[in-house]
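> Build me a structure from this.
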Amino acid sequence: MTAPISNKPYVPKKGDTLDAIAKKHGHRDGKAIWNAPENKGIVGKPKKPADPQPGDSLFIPPNPAQLKALANRIATLNADRDSYANMLAALNNDSERLTQKIKYLDDVMKDTRRQRMKSSPSSRTAVAG
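Okay, the predicted model is just below:
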């Protein structure tokens, strides 16, 4: 199980190094954090990448395990979506077919009623009278 991806910035404490922060968050070294576009304002400061300053606000990008978990989750969601789309198409086809059957059966029932009305004794009497 991988740690969830956080959208909270990491605020370095005194003595934190970029590599130590990165390893704490599942990265091999600090390059991923330093190269994240969200950290551009910090990268532009004149200091060594290994020495973030206390009070800086660092974005921690997803680590490789988190990215793999996300990719797997996306693949699962896509497969589920495709499966649900196929089921929906089948249900729509069934619904259309059943609607046609109901219409046919309604027509048969109407015809049967008409024929009964024509052949019933009360209707013959009414016609003869």
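> which stretches of this structure have low pLDDT?
1-4, 43-50, 122-129 (pLDDT under 70).
> Spell out for me which residue occupies the centre of it.
Taking Cα atoms, centre = their mean, the centroid of the chain lies closest to residue 77, which sits 5.6 Å from it.
> and it, what element?
Following DSSP states H and E, one finds residue 77 within helix 64-119.
> And residue 52, by the same measure?
Counting by DSSP H and E, residue 52 is part of no helix or strand.
> thought it was touching residue 59?
No - look at residue 52 against residue 59 with Cβ atoms under 8 Å: they stay out of range, at 11.7 Å. No exception for glycine: its C-beta is placed from N, CA and C like everyone else's.
> neighbour-wise, which of these two wins?
residue 52 (26 against 16; other Cβ atoms under 10 Å).
> mind checking how far that one is from residue 32?
To residue 32, residue 52 is 14 Å away according to Cβ to Cβ, to the nearest Å.
> from memory residue 39 sits against residue 58, does it?
Yes - when contacts are counted by Cβ under 8 Å, residue 39 is listed as touching residue 58 (5.8 Å).
> so what sits against both of the two?
Common contact partners of residue 39 and residue 58 (Cβ atoms under 8 Å, 6 or more residues apart in numbering): residue 33.
> Can you get me a residue count around the residue nearest to residue 42 when sequence neighbours are not counted?
Nearest residue to residue 42, sequence neighbours excluded (Cβ to Cβ, 6 or more residues apart in numbering): residue 56, at 5.3 Å. Residues lying near residue 56 (other Cβ under 10 Å) number 17.
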